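**Q** sequence unknown, structure follows:
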């Protein structure tokens, strides 16, 4: 980046702060809006030296580009709030939403006077160089990719129209998170039927990588499960639009919903604890952590 | 085996003939019943030197042990037919059915005077030593395991009651076949949305084993998909009984149903052909191979 662009980031959550760190590394002035945000978001914003614009209104007034990085169920509301402020810069939706939702978001912000880029982030939010990629699509995508030249998040421009980047995210997460939800449900079934040890023994013979993968599915996802519920709904909608069955991700959403109570727990649950939640056993106990 | 047991095999299909070869290798006289069976079943039976009892009635009259190895949707009918002949030996159901269906089959054959063993076969039907295991459960299971001492199929007695062997089969197949159906559906989604090449490129970075796995899912399953439809129904029922969501395997059943037209095709379809079937494109063409 030769010129210092002013960029707004909504919001510096876990993945948002990886995007923010990349934009700041590229020489941009990166604004966030502290109004209504929690202590952990403030901490992340300060760690990566973002400028606090205070309110969304101030952010939208000064930013040339706004990135929306939010839980999927909040993506349309973020776009509406920005459109209501008559933001006329470039709006990048980087959320895990269906292509249809991405196109809807595009229409919302364009009616407010902005230009729109469809985005989708794939990879972990750990700020290791090359760990995560922001896929971009639509006619304005070429304006966004250069902002990511410094890393750690890299940008990849797709050839397709608005919706392509979101479709890629849906397909990737549809496998990665759908498969892991299925695997947790299978362990739950085996435990419910008293054959979990036999299943692990059979897997060690015929599919030796699966026992450890099923444990990682619990350890890596239980505390993030609350935000996967909305993502599974978006994936199911994407499947429906393509004439494919929605059941895989309806069921995956149910699995993640059962685990939503592990949000913000200090340590991930054991496989046994998580599976008890899937079998809805903990919901019968007083003081349950389930929603 | 010190004594030559007379064993009935219903029926020497692909997996059945691997079981039949094992029983014959163990010294048993293995009967099959040619009445109403096709040319390929006869060919398999002759290859492994089974004795043709002609009718089910003759088979049930002479056999001390009967193995039922059939598509899941036929399992109850096989048991009813044997029970109607007042078979009083040991009946082993080795089919991919829910624990509930296994218990129902047990009640049917016991009412006819037989003793019952629950079984579930895991592994490919290729007759390589150690490739497949017949899991067995229930109080009579110890009488069956010695018949498999010679291999290639080995027998594993579980500690659990009738239903445990079927539950293990449901859990194993629920992952293996559910996961592969999901993976095919994901490729179909990506193709429908024009991002299949981008998805393959992302997988090569972050999940390098997945592209080849998705191709194997098509090549190894398309021609067998017709018999997985009933199995997915049994798995969905097993999930429902355990209070787990049925959507994964309802959807997997839809995927396999779309591929059912590849039964008995000389070569597996390409990924593109199979995915066109999933997207129901071929059903709009005259001469469609879909059901």
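**A** Great, that's in hand. Predicted, not measured: the structure shown is a model, and the values here were computed from it.

**Q** residue A:8 is in contact with residue A:60, correct?
**A** Yes - if you go by Cβ atoms under 8 Å, residue A:60 and residue A:8 touch, sitting 6.8 Å apart. Yep, even glycine has a C-beta here, placed from its N, CA and C like the rest.

**Q** tell me the contacts of the residue nearest to residue A:64 when sequence neighbours are not counted?
**A** Distances taken as Cβ to Cβ, 6 or more residues apart in numbering or on different chains place residue A:89 nearest to residue A:64, at 4.6 Å, with adjacent residues excluded. Residues in contact with residue A:89 (Cβ atoms under 8 Å, 6 or more residues apart in numbering or on different chains) are A:63-66, A:114-115.

**Q** how about residue A:83: what's its closest non-neighbour residue?
**A** residue A:112 is the one closest to residue A:83 (Cβ to Cβ, 6+ apart), at 3.0 Å.

**Q** meant to ask about residue A:81
**A** Per Cβ to Cβ, 6+ apart, closest to residue A:81 is residue A:56, 6.0 Å.

**Q** if I look at the one you found, how far off is residue A:8?
**A** Per Cβ to Cβ, to the nearest Å, residue A:56 is found 9 Å from residue A:8.

**Q** for those two, list the residues in contact with both.
**A** Joint contacts of residue A:56 and residue A:8 (Cβ under 8 Å, 6+ apart) are residue A:33.

**Q** coming back round to it: got phi/psi on the residue nearest to residue A:64?
**A** The main-chain torsion angles of residue A:89 are listed as degrees, to the nearest 10 and equal phi -90, psi -150.

**Q** what of the one 4 residues further on?
**A** Reported as degrees, to the nearest 10, the phi and psi values for residue A:93 are phi -90, psi 110.

**Q** give me the number of residues near it?
**A** 30 (other Cβ atoms under 10 Å in any protein chain shown).

**Q** run through the bridge partners of it.
**A** residue A:68, residue A:118 (DSSP bridges).

**Q** that one contacts residue A:75, correct?
**A** Yes - counting by Cβ under 8 Å, residue A:93 touches residue A:75, with 6.2 Å between them.

**Q** overlap in contacts, these two.
**A** Contacts common to residue A:93 and residue A:75, judged by Cβ under 8 Å, 6+ apart, are A:68, A:105.

**Q** quick one: the residue nearest to residue A:64 from residue A:194, how far?
**A** Residue A:89 is 59 Å from residue A:194, by Cβ to Cβ.

**Q** what does residue A:202 give?
**A** 14 Å.

**Q** the more surrounded of those two?
**A** residue A:202 (23 against 18).

**Q** do the helix or strand where that one lies and chain B meet at all?
**A** For residue A:202, the element it lies in under DSSP states H and E is helix A:196-206. Yes - in terms of Cβ under 8 Å from any Cβ of the partner chain, part of helix A:196-206 sits within range of chain B, namely A:198-199, A:202-203, A:205-206.

**Q** most surrounded residue in those?
**A** Of the residues of helix A:196-206 next to chain B, with other Cβ under 10 Å as the count, residue A:199 tops at 25 neighbours.

**Q** so where's the stretch 1-150 of chain A shaky on pLDDT?
**A** A:1-3 (pLDDT under 70).

**Q** any residues of it in contact with chain B? List them.
**A** Checking the stretch 1-150 of chain A against chain B by Cβ under 8 Å from any Cβ, the hits are A:99, A:122-123, A:133, A:135.

**Q** out of those residues, which is most surrounded?
**A** Top of these by neighbour count (other Cβ under 10 Å): residue A:99, with 29 neighbours.

**Q** I'd say that one and residue A:237 touch.
**A** No - assessed by Cβ under 8 Å, residue A:99 is found out of contact with residue A:237, at 9.3 Å.

**Q** how much space separates the residue nearest to residue A:64 from chain B?
**A** Going from residue A:89 to chain B by Cβ to the nearest Cβ, to the nearest Å gives 27 Å.

**Q** relative to residue B:168, how far out is that residue?
**A** Distance from residue A:89 to residue B:168, by Cβ to Cβ: 58 Å.

**Q** what segments of the stretch 51-200 of chain A are strands?
**A** A:51-52, A:65-68, A:90-93, A:115-122, A:133-137, A:154-157 (DSSP state E, counting those that start in this stretch).

**Q** each with direction, which strands does the shortest one pair with?
**A** This means strand A:51-52. Short version: by DSSP bridges, strand A:51-52 pairs with strand A:29-32 (parallel).

**Q** list the buried residues for the helix or strand following the partner strand?
**A** Beyond strand A:29-32 on the C-terminal side, the first helix or strand identified by DSSP H and E is helix A:39-47. The neighbour-count check on helix A:39-47 (16 or more other Cβ atoms under 10 Å in any protein chain shown) flags A:41, A:44-45 as buried.

**Q** likewise for stretch A:42-61?
**A** Neighbour count says stretch A:42-61 has A:44-45, A:48, A:50-53, A:56, A:58-60 buried, by 16+ other Cβ under 10 Å.

**Q** can you tell me what sits against it?
**A** By Cβ under 8 Å, 6+ apart, stretch A:42-61 touches A:8-10, A:12-14, A:16-17, A:20-21, A:24, A:29-35, A:62-63, A:66, A:81-82, A:85, A:87.

**Q** burial measure for residue A:272, as a count.
**A** 11.

**Q** relative to residue A:278, how far out is it?
**A** Distance from residue A:272 to residue A:278, by Cβ to Cβ: 11 Å.

**Q** and what of residue A:215?
**A** Counting by Cβ to Cβ - residue A:215 and residue A:278 are separated by 14 Å.

**Q** that'll do, ta.
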